[in-house]
Every structure is written in C-alpha cells, then in structure tokens.
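>>> Next one to model:
(chains A and B, ligands or ions: 2)
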Amino acid sequence: MNSVSVTQQQYVKQKKRQLQLLKMIRILILIAFLTVWELATNLHYIDGFFFSSPSRILLCIWNMLFDGSLLLHIGVTLYETLLSFLLIILLSMGAAMLFWLHPRIYEVFDPFLVVLNSLPKSALAPLFIVWLGTNVRTIIVAGISVAVFGSIISLYSGFASVDKDKIKLIYTLGGGKKDALKKVVVPGTIPVLLSTMKVNIGLALVGVIIGEFLAARKGLGYLIIYGSQVFKLDWVIMSIVILCIIAIGLYSLLNCAEKKYLKGL
Amino acid sequence: MDSILKLTDVGLSYHNMNGETSALHHISFSVAKGEFVSIVGPSGCGKSTLLSIIAGLLEPETGTIAFENPKGTIAYPKIGYMLQKDHLFEWRSIYKNILLGLEIQNKLDEAHMALVDDMLITYGLYKFKDKKPSELSGGMRQRAALIRTLALEPDILLLDEPFSALDYQTRLKVSDDIYCIIKKENKTAILVTHDLSEAISLGEKIIVLTKRPGTIKKIIPITLSIENRTPMKSRNAPEFKDYFNLLWKELNS
Ligand SMILES: Nc1ncnc2c1ncn2[C@@H]1O[C@H](COP(=O)(O)OP(=O)(O)OP(=O)(O)O)[C@@H](O)[C@H]1O
Ligand SMILES: [Mg+2]
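Residues are numbered from 1 along each chain as shown, chains lettered A, B, ... in the order given. Ligands and ions are numbered 1, 2, ... in the order given. Model (predicted):
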C-alpha cells in the first residue's frame, strides 16, 4: 500500500472527515429535536398529553415491554409485513416470468396493470374487509395490493430489457425460451429484483398498517388507531417511532444484501 | 470434394407493420468439409441473417439448405455459432460459462467434461477457470467463448465478426489463435467479417455479397503460395495484395 500518493491520501482523508462531519450534524439535529421536545413539554409550552415527549415514550415502552403487549404488537406487524413481502416477491416474479414467456398474455393485461398500479390502494381496504372479514388475511391482502402491481411492472420491464444477443446466445447453444429465462433473464435481472425488493418492503409495511387500521385487534396499526380513539397519544407516537425503526431496519437489511451481491459480481 | 453444407436459392425478408425488409436473395453456395469460408459485404446486407439461417435460428422463406454428412447418414450436423461479443455472464465463473451449452443440453457427462478440461489446458485458460470474466483480457475471453462453442462438438462453426470487439494488436493475435484451434480441431468454419485482410488471411474461399438485399456478387477461391498457412503468415504471402485489391474492387463497384 506504499504506492498511494500523498495527494490521494490527502483526498481520502478530507473525504472521510467530510463524512464524519455529516454524521455528526445528523446526530446533533436528532438530539436537538429530542431535547427541545422534552423541554417544551416539561416547561408546559406544549401539552404532553397531546404531544407526548421522549421520556413519556420511553416510560411507555418500558411499561408495555413488561406486560408483554408491546412485543406482541411489534411481532404481529413484523410477521404480517414479512409475509406480505414474501408473497409480493413470489407473485410478481411468477407473473413477470409468465409474461416474459408469453408476451401475448402481457399485451392483454398491460392496461389493467397500469390502472391497478395507479389506483390509491387504501381505497380498496374497506372492500377487502367486506369480502374477507376482519382478520389477518385481509391485512396480508392489503399489504400485497399496495406493492404487487408496481413490482410486476418493474420486474417485467427488467426482464424485457435483457440484451437480445444474450438470449440469442442461449438459442445458439441449443436452448429454448425456458433456458433463456433460467440462464440469462432471471440471473441478469437480480439487481432489478433487489432494488424492487427495497421499494416493496416499505410499501408492504404501508399496506399492512392500512389493513391494521381497519381490521385488526393486534399490531402497531391497531395500537395507533386505538390509542387515538382513547386519547392515549403516548401509544400513538410510540408506535410511530417504532415503525420508523422497523422501516429503517428492514430497508438496511435489503440494502446490505444488495451491496453484498453487487460487490460479489 | 465432400460438401457438408449446400444452400440453394435461399432468400428471406423481415416483416413488420411498417413494411418489408428484403434481407437476402438467391443465395446459393456450398461449403466443403474442413473448409474455412469468409463472407464479406456492406453493412446491413444480411450477413448475420445468413448465419442465423444456417444455424437454424431463422427459417428461410425461399430455397433450401442441405446438410450432407460424409458418413452418408442424414443426421443434422451440429452447428456452433460464435457471436460478435463473447457474452460471458458475469455471474458465472469462466468454467461455468464454458459449461453453459453442456448444461442446457444435459451433457455434463465425464467425456464432455474431460474434453473441456483438455481444451482449457491446451488453450491456456486452465489457471483462469475459476475467475470472473471481467478479470480476463479480451483475447482470453474470446478463447473462452470459443471453448464454450466447441464443447458441444459442432461440425460447422459460424463466426459473426468474432474479433471486432478487440483492439488491432489483440485482434491479429486472437484471430491467429482461433484459426489454429479451428484447424487443429478439424472443423468447418464460416466467418463473417468487415475486415478484408482478415477475410483473406483466414479464408480459403471468400463470398462477396452485394448491398441489401444481399445477393452473391462473387465467390473468390484463395490460394496462397505458402506452407503451413496461418493468418499471420498469409498476410506476407505474395498474392495477398492482389486478392486485397480484387476484393476492394468487388466491394466498391
Ligand atoms: N428483426 C429484424 N426485423 C426487421 N429488419 C431486420 C431485422 N434484423 C435485421 N433486419 C434488417 O435486415 C438487414 C440485414 O440485417 P443483418 O443483421 O443480417 O445485416 P448484417 O450484414 O449482419 O449487418 P452488419 O454488417 O451491420 O452486421 C438490415 O438492413 C437490418 O436492418
Ligand atoms: Mg451482422
């Protein structure tokens, strides 16, 4: 590593310092926000009953951890989100593969997909309740409905943009369309799949929370709605904070997977 | 001479909603077993289309293709097709890339694996077989692509401008390599190229096509007064310049 020049070293050092500074500024903003919030409620500038405060949230988490209810709500929401996410991936991969093998079928369904994708899915949730009842099934369906159409469209256009000559190569080696799908189209579209997954995990969470608002007795979405109805706003804001953490966690997990895959290439 | 491949009056047009593109017309020629044929012609005259027809990827609209097997059987000869780019997949190691054709045709048996290993050793890629394609030089990648094609033991090799992605130096070297490999494996080969000196230095016969719709303008047999012909030596043959001028005239008249 002796060959790194002085100017390069300086450049790297400066860049690193900039990144550190950026991180510090972000953390400072967060701390400042929390402090102002805490002080404002303590000094009664704002009403802690409506606006809660960091200490009230921590206390609330502490209490609910003890009676076990918090972990149950988090667990339920996580389970529903991950299940929806898994089903979204399976359904959209399946559909995109079918469409690629049979473009005629795609041509038929293309306009329907576009309409379904641009529809605000929260409008459908009340229908799902009537059709499927107030249960986990409804919530999973709500979770799937938010992401699945967009996911199909992205994956299919990823499939369709695979280099035609790579597909021709498979034919020259004596393969058929299924071989092309298996050996080129799917493995060549993994980066698209990974970035679609990153979007989908967030959307699945959105759909699950909408579902829980309307059709649940458990889960963070339920806690938010119930808390707002009985004026337990600590619950509401705590749930939102936890949702933030879950969203960041799931996204970073997939982000790591993506980085790892791209690095392996 | 045993001809392994005979085209008679082959023609093809592409059709789409905007109209018809006539790509090839009245193409007739034959190729002898073990012969190396070059095809030259202006851009877009239908050279790739012709190779796709011979490979069986496209059905000719008119005319026939007959494959004659020296053994007298009517078995369809196996055809290998090398495209312009090597198309080695970055998500597979070199070795896995080379096995792609065998994998598709369910031929991952000992005999074929041994053949692949042999070729890897002979053509200097064995040490690199677990590398990713991006870790290899352009010439090595092209050799890997050739082994991928040869692993399926084709009787006829179709080469569609296989060297055009390489820089000039590498190109001379790789065309020498690949010519020798093809001759050593005793294959019949059809090479499409834009490069006239490449066509002469590799070909034993050159088919000159007209511009679109491609028809045969002339078939020029190449005989060079040198021994142990290789592309590199051919370039120094006394007749080389005359053939070059002849080809140049044919293409520009
Ligand atoms: N799928 C297709 N649909 C319509 N026209 C096509 C199609 N493929 C090729 N053509 C047209 O047919 C003609 C012959 O194409 P081809 O690729 O065989 O030419 P080529 O001689 O290989 O050209 P180049 O020297 O550029 O490689 C071209 O004019 C091309 O535009
Ligand atoms: Mg071409």
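>>> what about residue 79, neighbour count?
Let's take chain A. A:Tyr79: 15 surrounding residues under other Cβ atoms under 10 Å in any protein chain shown. No exception for glycine: its C-beta is placed from N, CA and C like everyone else's.
>>> meant chain B actually
23.
>>> Surely it is in contact with B:Asp155?
Yes - under the criterion of Cβ atoms under 8 Å, B:Ile79 makes contact with B:Asp155 at 7.2 Å.
>>> Give me every residue in the stretch 151-253 of chain B lying close to ligand 1.
Contact residues, the stretch 151-253 of chain B versus ligand 1 (Cβ under 6 Å from any ligand atom): B:Arg212.
>>> Show me where the stretch 151-253 of chain B has its strands.
If DSSP state E, counting those that start in this stretch is used as the criterion, the strands of the stretch 151-253 of chain B fall at B:156-160, B:188-192, B:205-209, B:216-221.
>>> What pairs with the longest one, parallel or antiparallel?
Put plainly, it is strand B:216-221. Strand B:216-221 has these partner strands in its sheet, going by DSSP bridges: strand B:205-209 (antiparallel).
>>> And for the strand it pairs with, what's in contact with it?
Identification of contacts with strand B:205-209 by Cβ atoms under 8 Å, 6 or more residues apart in numbering or on different chains yields B:29, B:35-42, B:45-47, B:50, B:199-200, B:215-222, B:243, B:247, B:250-251.
>>> Looking at those, which are in helices?
Among the contacts of strand B:205-209, the members found in helices (DSSP state H) are B:Lys47, B:Leu50, B:Ala199, B:Ile200, B:Tyr243, B:Leu247, B:Glu250, B:Leu251.
>>> Redo those residues as CSV? Include pLDDT and neighbour count.
Below are those laid out as CSV (pLDDT from 0 to 100; neighbours: other Cβ atoms under 10 Å in any protein chain shown):
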residue, pLDDT, neighbour count
B:Lys47, 93, 24
B:Leu50, 94, 28
B:Ala199, 93, 24
B:Ile200, 93, 27
B:Tyr243, 92, 22
B:Leu247, 91, 21
B:Glu250, 88, 17
B:Leu251, 87, 17
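>>> For the residues you listed, name the two members farthest from one another.
B:Leu50 and B:Tyr243 (21.8 Å; Cβ to Cβ).
>>> What's the local residue count around residue 86?
Here I'm looking at chain A. Using other Cβ under 10 Å, A:Leu86 is surrounded by 13 other residues.
>>> should've been chain B
Using other Cβ under 10 Å, B:Asp86 has 23 neighbouring residues.
>>> Please tell me I have it right and it contacts B:Ile147.
No - using Cβ under 8 Å, B:Asp86 is not in contact with B:Ile147; the gap is 10.9 Å.
>>> Can you give me the buried ones in the helix or strand encompassing B:His26?
Element membership for B:His26, per DSSP states H and E: strand B:19-32. By 16 or more other Cβ atoms under 10 Å in any protein chain shown, the buried positions in strand B:19-32 come out as B:Ala23, B:Leu24, B:His25, B:Ile27, B:Phe29, B:Ser30, B:Val31.
>>> is ligand 1 contacted by it?
Yes - using Cβ under 6 Å from any ligand atom, a contact is recorded between strand B:19-32 and ligand 1, made by B:Thr21, B:Ala23.
>>> Just say helix, strand or coil for B:Arg92.
When classified by DSSP: H, G, I helix; E, B strand; the rest coil, B:Arg92 comes out as coil.
>>> mind checking pLDDT for the residue lying closest to it once chain neighbours are set aside?
On the basis of Cβ to Cβ, 6 or more residues apart in numbering or on different chains, the spatially nearest residue to B:Arg92 that is not a chain neighbour turns out to be B:Leu100, at 7.3 Å. In this prediction, B:Leu100 carries a pLDDT score of 95.
>>> Could you break chain B into its assigned domains?
Here the domain assignment for chain B is B:3-77+B:155-252, B:84-153, based on automatic domain parsing.
>>> what about the first one, start to end distance?
Right, domain B:3-77+B:155-252. Start and end residues of domain B:3-77+B:155-252 are separated by 31 Å (Cα to Cα, to the nearest Å).
>>> List the contacts of residue 101.
Picking chain A for this. Neighbouring residues of A:Leu101 by Cβ under 8 Å, 6+ apart: A:Lys177, A:Lys178, A:Leu181.
>>> wait, chain B
With Cβ under 8 Å, 6+ apart, B:Gly101 has these contacts: A:Leu173, A:Gly174, B:Arg148, B:Thr149, B:Ala151, B:Leu152.
>>> roughly how far out does the helix or strand harbouring it sit from the chain middle?
Assessed by DSSP H and E, B:Gly101 sits inside helix B:100-104. In terms of Cα atoms, centre = their mean, to the nearest Å, the centre of helix B:100-104 is set 20 Å apart from its chain centre.
>>> possible to save the domains of chain B as CSV with distance to A:Leu19?
Converted to CSV, these look like this (distance: least, Cβ to Cβ, whole Å):
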stretch, distance to A:Leu19
domain B:3-77+B:155-252, 39
domain B:84-153, 28
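>>> now for those, which one comes closest to A:Gln229?
Of the domains of chain B, nearest to A:Gln229 by Cβ to Cβ is domain B:84-153, at 52.1 Å.
>>> what about the closest one, start to end distance?
Start-to-end span of domain B:84-153 (Cα to Cα) is 20 Å.
>>> So in terms of bridging, what pairs with the closest residue in space to B:Ile220 that isn't next to it in sequence?
Distances taken as Cβ to Cβ, 6+ apart place B:Ile206 nearest to B:Ile220, at 4.6 Å, with adjacent residues excluded. Beta-bridge pairing for B:Ile206 (DSSP bridges): B:Ser38, B:Ile220.
>>> ok, how many other residues are close to B:Ile206?
B:Ile206: 24 neighbours (other Cβ under 10 Å).
>>> Name all residues that make contact with B:Glu161.
Applying Cβ under 8 Å, 6+ apart, the residues contacting B:Glu161 are B:Gln84, B:Val192, B:Thr193, B:His194.
>>> any idea how far it lies from A:Gly176?
26 Å (Cβ to Cβ, to the nearest Å).
>>> what does A:Thr77 give?
Note on A:Thr77: its distance to A:Gly176, by Cβ to Cβ, is 44 Å.
>>> which parts of the stretch 1-150 of chain B sit against ligand 1?
Within the stretch 1-150 of chain B, the positions near ligand 1 by Cβ under 6 Å from any ligand atom are B:Tyr14, B:Asn16, B:Thr21, B:Ala23, B:Ser43, B:Gly44, B:Cys45, B:Gly46, B:Lys47, B:Ser48, B:Thr49.
>>> So which of the residues you listed wins on neighbours?
Once you tally neighbours by other Cβ under 10 Å, B:Gly46 ends up highest among these, having 28 neighbours.
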